[in-house]
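Colleague: Coordinates for the following, if possible.
(2 chains)
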Amino acid sequence: MGDPVFYVEVSLAILIVGSLASLAVSGRPRLCGWLSAACAGASAVSAWLAAAGAFAGQTSERTLVSLPQLGAGFTLRVDPLSAVFLAIVAVVAPASAVYSVRYMEHYRGDKVAKFYPPLLLCIASMNGVLVSADLVAFLVCWESMTLTSYFLVTYERESAASQRAGLKYFVITHGATLCMVAAALLLWRVSGSFHFDAARETLSRVMSTQPLVAHLVVFLFFLGFATKAGILPMGDWLPDAHPVAPSGMSATLSGVLVKLGIYGLVRLFCWILVPSPPLAAWGIIVALAGTASLFAGTLTALRQTDAKRLMAFHTIGQIGYICLGLGAGVYCLSTAPLLASISLAGALLHAVNHACFKSCLFLGAGSVLYRTGTRDMDKLGGLAGAMPYTAGSTAVASLSIAGVPPFNGFTSKWLIVSGCILTGLRSPLFLVLGLIALFISIATLASFLKVLGAVYLGRADERRAVKEVPASMIAPQVALAALCVLLGVFPQPALRFIGQALESLNGAPAAAVATGGLWDGIALVDGTPVAFWWPLAALAALLILALLAFGIQRAGKARTRSVPVWYCGEEHGPETVRYPAGSYYLPFKHAVQGVYPAAKLPAPRLPVQVRRLLDLDRWLYMPAAHAIEKAAGGISRTHAGAPQIYLLWIVLGAIVVAAITLGLAR
Amino acid sequence: MNTLLALLILALPVAGALLCVFLKERSRPAAVVSAGLTTAAAVALVVSTFGATHHAVVGDLPWLRGLAAPPVFGVTIDPLALLMLLVVAPVGLLTVLYSTSYLTRNNREHPVGSQQYGRYYFWLLLFIASMTGVAISPNFLQLLVFWELTTVCSWALISFHQDERSLSAGFKAMVMTQAGGALLLVATLILFASTGSFEFSALSQLPDGPRTWVFVFLLIAAWAKAAQVPLQTWLPDAMEAPTPVSAYLHAAAMVKAGVYLMARTVSSGWAITPQVATLMAIMALLTIFLALSFYFVQDDLKRLLAYSTIAHLGYVLLGIAIGALGAPLGYRGGVLHILCHGLGKATMFFCVGAIAYVTGTRRISELGGLARTMPLTATAFFVGLLSVTGVPPLASFWSKFMILAGAMRLEGAAGPLILTLVLCETLISFGWMLYIAQKVFLGSPRAAADVRSAAPWPIQATLVALMIGCLTAPIVGIPLVGFMGT
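Modeller: Purely as a prediction, here's the structure:
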């Protein structure tokens, strides 16, 4: 296995060269798309090799460019934590790129030259963020990621909604980045270097000597990462930006890009800071923010009828789960490290799982949009027959996100909730948070039953001939759905990698989540084994029950008959009588109306008086110029050109001079 | 060899200017060639003296022989001068190139007949010469001569269209910068009277009292030239100039002469008193916010850019002041910002010029959806915008970051205070500029955008070159400023 940093460099080089190449061939959209997909795939292979190298225990570091004046440099390092997220990028990015090849064809007025080069650069900057071991390099990659994704969000040039969402996205996240710039500089003031190791040494020391500065730094970093991750209220950009981006980009945005906020939080709270009582307070803050997000995000998602907007709100919700796990883990890092690693493992596993099912869901919504031209679920229905692969993969991903066993969402949610409840035995707050998380899962399920019911089930509209999407769009969806099932049934390898990542953090032992072989279950160990989950056994039980039910139905010879629905004798098309998405859960929707209020910002305006005061021309220079002009006019009037007047001046002058001379002489 | 190159940089544009007087309608090729040769000489000079300092005495004034300690006329090539040359010469060439298609009868905003060419290129090339003169001057007297020459050229170029508005704008610019120039003269005379030298380094020989006054006068001269509060009002009016002139004079070169004066005098012995440095920093911050407050009421794209220029020159002075207060990193950042902002803002001005050329208007309220017909201009404008507002990894991020890092090196609460203010301004101006850019280029096309003709190739080539500059400027700039401020 080669040097991980080398593989990352290769992947970055492929992406950067690929973006230039795709720009060069952008006149031929199909070729450009396949070229970009190939680049994304090749870079993903390289990133996988890097991740594998890191898991094999190789850590290496290399400085590409050094800026000695600043004490900074482009230093790359791959450790198991970055490897986990590199692997996520390397799964979702190529899937999105392959999907986009055909998907981008349905944009008529916009050229692919605006899509593939920024997409590849965005993937490159995400990889860059993950391997930077220097705050300056990190911030540069971080903002390059925002910059490139801004152009992808505003891809539809002439749609006002895209522009509004893009502006909001860029301004809010740029503000967050500036907070991180401030934090980096405050830290640099003490440490004198931007290297992560220097930050790691300094920040914990400052925590005891200058707690105010340290907490300010942590707060600013938290603000920056949480905004990107979509934690409410800073994540308000997310529900606007996700739906308007091309679906391939939505998948990348939701599956990976917001995850980098989580990466930042883990890096900050579990790697840079050492466990200490003040850190526990931050754990509570992160957990509360996470719970607020999962509560508000998921309940607001219930109200949505725009498929992609609904999924964007669920991203907020699921990121809330991750943050809850992270917060619970950070809270007990110093007091109960075993317990901490249960929650942290849950958080990281949920990050991995969320990348799989959420990108699959966005791709599914994109497929529907590609064939029907709408994201409005009220106008859709009965697509399951026409689009079986899309319907199937969306169903799998929906069950995964709702946390139905044995799909992957269950394992991670189970870890998070058990972590919270076990922590709750020591501090009751987490018990409450864990229970909230548990019950919000039901809202998630309800919300996705709505998607499945309203979009795919019911009678199809015969007048609208909808076909399944092309194979190159099916493949990524099916692959991601398969991954959801695989990770659900066999979570052990992923958990083992995550355990390795946890070991590299500050004092989180991997032993807390005991994974046996592929065919064994997972045991949670907090001193003694406290909980157990065996996906295969559950799967077997489910299969037996299903067979049993099937057998009973067959044995009982129950008759089913299929008849058209009676509409009081009137004839209606399916589009008028099907149960629309907007009608699901109506009473509930009225109850949760106030959960996510909308605010409008007025344009900046200064009072007129201040404006006048600031306008120096108005009250200073122009009046002065006019006064000079007037005085000059007055003087010029004395030059009338008549000799008598000049003589008068001479006489008067002579008298004055004589008077002065006489006065002085006296 | 280096001296010869330096003199060539000075002589080539002058020769070109004189040639243009005779060539009249046919002066465009001559102008491009002479600006091109100047740039080639400047690049050769940068390559041959990168990081080194080179002094040479060229001549003397007969009546000052024996009076002034070192002889008066010569050249100084050091990293600071090189950095100025890197802005002045290449952007000058691009300005000339751009003008060859911008100032034609095809321009929908201001058609210009070929009988005007001789006059235009004469003043433009003379301006390039005087700016390079400012950059390589080794002492105050020579600096003063070229300084005033830039003012004269600026007056002629701003009033180029010779309608009532541009004449009064040119007059206003002339009077206000001249008022500052007079104080530069006073400062020079005080220095000469007390030390018998015109050298920049003689500043540190001045006793405390006069030194404070000399620096205050220099500062006011710089404020006037760089359009800083309270002498900023001439710059927005000067937008009556043809757009390439605005791009060059009011973004890249002439206004930079003002901040260059401070950079030069502050770094020659670091003799500036802390009080004056503090005043410089406070006024810079005031300028930044005052200029910001004018963003929101502008409807003319060029005036918006002019206010943004005022703010960014404030950043340069802020960096220099931080350097003067004891943090050389801030000084380096400020000087680097001369280069980074020059390229970024020139890009934006040239884009506005391309818009005006094609559509005939610069009014934000009339424009919309231009990206459909002018994709390259739209790309360049976004690149320039993101570069100017300091979004990493583009150029101005590095200079701003160095200024802020320098500020953090200061003792006490000054650093965090500057950090907070600067970051607030950055976010607000970034948000507003992005909003305006979206309004002009994205969204559904409006009537003004409905044009079939694209901008001609010299305009597009200029934009491409500057976009590359916005990305690559720090690669040259950061090592170059690393030699300064020690």
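Colleague: residue contacts, the residue in the stretch 1-150 of chain B that chain A sits nearest to?
Modeller: Residue nearest to chain A within the stretch 1-150 of chain B: B:Pro79 (13.0 Å; C-beta to the nearest C-beta). In this view, the C-beta of every residue, glycine as well, is placed from N, C-alpha and C. The contact partners of B:Pro79, by C-beta atoms under 8 Å, 6 or more residues apart in numbering or on different chains, come to B:Gly51, B:Thr53, B:Leu480, B:Val481, B:Phe483, B:Met484.
Colleague: quick one: low-confidence ranges for the chain?
Modeller: All of this is about chain A. Applying pLDDT under 70 to chain A flags residues A:1, A:462-463, A:507, A:603-604.
Colleague: that's the wrong chain, I meant chain B
Modeller: In the predicted model, chain B carries pLDDT under 70 at residues B:65-70, B:452.
Colleague: which residues of it fall in strands?
Modeller: If you assign secondary structure with DSSP state E, the strands in chain B sit at B:54-59, B:73-77.
Colleague: Look up phi and psi at A:Gly71.
Modeller: A:Gly71 adopts backbone torsions of phi 70, psi 40, taken as degrees, to the nearest 10.
Colleague: With B:Lys400 as the reference, measure out to the residue nearest to it when sequence neighbours are not counted.
Modeller: With sequence-adjacent residues excluded and distances taken as C-beta to C-beta, 6 or more residues apart in numbering or on different chains, A:Gly71 is closest to A:Ser193, at 4.3 Å. For A:Ser193, the distance to B:Lys400 (C-beta to C-beta, to the nearest Å) stands at 20 Å.
Colleague: more crowded one of these two?
Modeller: A side-by-side neighbour count of A:Ser193 and B:Lys400, using other C-beta atoms under 10 Å in any protein chain shown, places B:Lys400 first with 27 against 18.
Colleague: tell me which element the nearest residue to A:Leu361 once chain neighbours are set aside is part of?
Modeller: Of all residues beyond its chain neighbours, the one nearest A:Leu361 is A:Ala397 (4.8 Å), with distances taken as C-beta to C-beta, 6+ apart. Assigned by DSSP states H and E, A:Ala397 belongs to helix A:388-402.
Colleague: Tell me which other helices or strands the helix or strand that that helix is followed by touches.
Modeller: Scanning the chain past helix A:388-402 towards its C-terminal end, the next helix or strand to appear is helix A:408-424 (assignment: DSSP H and E). If you count contacts as 3 or more C-beta pairs under 8 Å, 6 or more residues apart in numbering or on different chains; DSSP states H and E, helix A:408-424 packs onto helix A:307-331, helix A:337-372, helix A:388-402, helix A:428-451, helix A:471-489, strand A:522-526, strand A:528-533.
Colleague: Distance check, the closest residue to chain B within the stretch 501-650 of chain A against A:Pro4.
Modeller: For the stretch 501-650 of chain A, the residue positioned closest to chain B under C-beta to the nearest C-beta is A:Asp617, at a distance of 4.5 Å. With distances defined as C-beta to C-beta, the gap from A:Asp617 to A:Pro4 amounts to 62 Å.
Colleague: Chain A: strands as residue ranges?
Modeller: So, for chain A - with DSSP E - the strands run A:61-67, A:72-77, A:513-515, A:522-526, A:528-533.
Colleague: just those: most buried one?
Modeller: Sort those by mean neighbour count, taking mean count of other C-beta atoms under 10 Å in any protein chain shown, and strand A:72-77 sits at the top with a mean of 22.
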